[in-house]
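> Sequence and predicted model, in that order:
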Amino acid sequence: MRLLMQTEFRAIVHSEYGAPEKILKIAKRQLNSEELGADDVLVKVIARPIHPGDIQILSALPQGGPVEPIPEGTLRVPGFEGVGTIVRLGTNAKAAKRFSEGQRVAFFPAKGTWGEYVVVRHNCLLPVPDEISDHIAAQMLINTITASVLIKAGHNWLKAPITLPVYILQNAAASGVGRLLTQVALDRGVRPIRLVRSNQSAERLRSALPGPPVFSTSDSNWKKQVREALGGYKLEVAFDAIGGKAIDDLAEVIDDGGTIINFGSLGSNMGTNIYSLAPNNIALKSVSIMSWFRLTEDEKQKDFELALSLATNHPELFEVAHEYEFADFQKAIQHVSSPGKTGIVLLKSPI
Ligand SMILES: NC(=O)c1ccc[n+]([C@@H]2O[C@H](COP(=O)([O-])OP(=O)(O)OC[C@H]3O[C@@H](n4cnc5c(N)ncnc54)[C@H](OP(=O)(O)O)[C@@H]3O)[C@@H](O)[C@H]2O)c1
């Protein structure tokens with residue numbers, strides 16, 4: 001018979017949606033091991049990332065998607081991924097075969113990773129080998145999965161028969177997802193052309209991740225530079241993480257009948273001109289990580305393996321902007337959208 005366990009822990013919580021500085025606080029929470037379902041695993045979180053999407057969701061910004069109501073008298077804990085150690089396994093025999101207490105794991109999706117402890121379903125856990133640091137394990141799932149979803153969407157929008165070489169164009173290419181998308185594309189023989197918004201960012205990206213061309217959209221002739229880099233080959237797919245006028249700009253360089261795949265709105269939701277799409281018969285497609293949840297367990301496991309392989313072979317893709325103490329979570333949140341940030345912002349657990 002297993003002993004009943006009661007865990008008291010701290011978590012960043014909110015009871016309503018709004019500006020992070022107004023609604024978030026640290027509160028004590030309680031968890032009884034009786035509440036752990038057969039397929040559940042209790043994990044003590046070591047570190048978790050703060051994604052732009054986490055902030056959009058807790059602020060109830062439209063780009064964060066539909067708002068899930070917080071039932072009266074309850075608290076929501078933000079965060080969907082992280083790294084930690086297994087404290088207790090549910091009774092599921094399959095889980096007991098794959099995992100053991102004390103094991104270090106990465107996890108996604110998990111609800112409430114901005115707490116010291118989180119309950120995760122066993123099929124959302126990934127054992128982390130010793131050679132992958134906490135800094136990388138904490139952030140390797142959401143962004144890799146997004147890059148994987150994007151590359152599949154890009155492939156599906158190429159016109160048959162596919163003629164080589166295949167080029168893609170990506171803006172905000174220095175972002176976490178952007179860097180992974182570049183690497184996944186390269187690993188599949190695709191040739192990425194990268195755009196960033198300043199010469200400073202272009203220099204940083206060229207030296208951190210040399211290889212495919214990088215152009216700054218602050219140069220007035222960047223569209224000409226992109227056409228030259230294509231060397232006469234077609235550009236059928238462009239990825240947009242910015243929104244607004246950035247979409248019009250991509251529409252001017254992409255070939256007739258091409259597709260712009262939007263997956264973020266780092267810039268704004270305003271200013272896209274649909275007249276920019278019609279002259280070249282451009283399709284505008286939106287992609288969300290939510291589509292990943294409809295994949296089979298095998299396909300999801302393949303993306304977990306992709307994350308492990310990228311983390312092992314390309315640790316430089318998972319830069320850390322700064323790791324903050326738990327109590328400094330407001331500073332950490334501010335850092336996420338501060339200009340010049342490269343890499344992910346991490347939040348440690350309290351000691
Ligand atoms: N659709 C989905 O399911 C999904 C999933 C994950 C992420 N996303 C979205 O993907 C985007 C990137 O996320 P991330 O976590 O990879 O970002 P990130 O690592 O925080 O990087 C963002 C980078 O983009 C650049 N940037 C910021 N604002 C910009 C602007 N207005 N114009 C041009 N460049 C700008 C900045 O680089 P410089 O300062 O160097 O220029 C910044 O470092 C976000 O919009 C996020 O919401 C979507």
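Noted; the coordinates are in hand. Since the structure is predicted, the reported quantities are computational estimates derived from the model, not experimental observations. Numbering: from 1, shown residues only.

> Show me which residues of this structure sit near the ligand.
Within the chain, the positions adjacent to the ligand are 51-53, 143, 146, 172, 174-178, 196-198, 201, 241-242, 263-267, 287-289, 339-342 by Cβ under 6 Å from any ligand atom. In this view, the C-beta of every residue, glycine as well, is placed from N, C-alpha and C.

> Selection in ChimeraX covering whichever of those residues are buried, please.
Burial among these is assessed by 16 or more other Cβ atoms under 10 Å; the matching ChimeraX selection reads:
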select :51,52,53,143,146,172,174,175,176,177,178,196,197,201,241,242,263,264,265,266,267,287,289
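
> Narrow the residues of the chain next to the ligand to those in strands?
Among the residues of the chain next to the ligand, the residues falling in strands (DSSP state E) are Val196.

> Let's see which of the residues of the chain next to the ligand end up in helices.
Mapping those onto helices (DSSP state H) picks out Pro52, Gly53, Asn143, Thr146, Gly176, Val177, Gly178, Ser201.

> residues touching the residue lying closest to Leu36 once chain neighbours are set aside, list them.
Spatial nearest neighbour of Leu36, chain neighbours left out: Gly90 (5.2 Å); criterion: Cβ to Cβ, 6 or more residues apart in numbering. Gly90 makes contacts with Leu36, Gly37, Ala38, Asp39, Asp40, Val41, His122, as judged by Cβ atoms under 8 Å, 6 or more residues apart in numbering.

> again, but for Ile242
By Cβ under 8 Å, 6+ apart, the contact list for Ile242 reads Asn171, Ala172, Gly264, Ser265, Leu266, Gly267.

> Could you measure from Gly232 over to Ser201?
The gap separating Gly232 from Ser201 is 28 Å, by Cβ to Cβ, to the nearest Å.

> can you tell me the helix or strand for Val105?
Taking DSSP states H and E as the definition, one finds Val105 inside strand 104-107.

> what does whichever helix or strand comes after that strand contact?
As assigned by DSSP H and E, the chain's next helix or strand after strand 104-107 is strand 117-121. With Cβ under 8 Å, 6+ apart as the test, strand 117-121 has contacts from 7, 9, 29, 31, 35-36, 39-45, 77, 79, 82, 84, 87, 107, 110-112.

> Now, of those, which are buried?
For these, a burial check counting by 16+ other Cβ under 10 Å picks out 9, 29, 31, 36, 39-45, 77, 79, 82, 84, 87, 107, 110, 112.

> Which ones among these map onto strands?
In this view, those that belong to strands under DSSP E are 9, 29, 31, 40-45, 82, 84, 87, 107.

> Got the confidence number for Gly271?
pLDDT for Gly271: 77.

> so which strand or helix has it?
Per DSSP H and E: Gly271 is located in neither a helix nor a strand.

> Show me the shaky parts of this structure.
The model of the chain has pLDDT under 70 over residues 1-4.

> Kindly report the domain assignment for it.
6-139+318-348, 143-290 (automatic domain parsing).

> Okay, now the last one: how far is its last residue from its first?
Its first and final residues considered, domain 143-290 spans 13 Å by Cα to Cα, to the nearest Å.

> Which residues are in contact with the residue of the stretch 251-351 of the chain found nearest the ligand?
Using Cβ to the nearest ligand atom, the single residue of the stretch 251-351 of the chain nearest to the ligand is Gly264, 2.4 Å away. By Cβ under 8 Å, 6+ apart, the contact list for Gly264 reads Pro52, Gln63, Ala172, Ser175, Val177, Asp240, Ala241, Ile242, Gly243.

> got it, and Glu68?
Counted by Cβ under 8 Å, 6+ apart, Glu68 has zero contacts.

> Quick one: classify it as helix, strand or coil.
Classification of Glu68 using DSSP: H, G, I helix; E, B strand; the rest coil returns coil.
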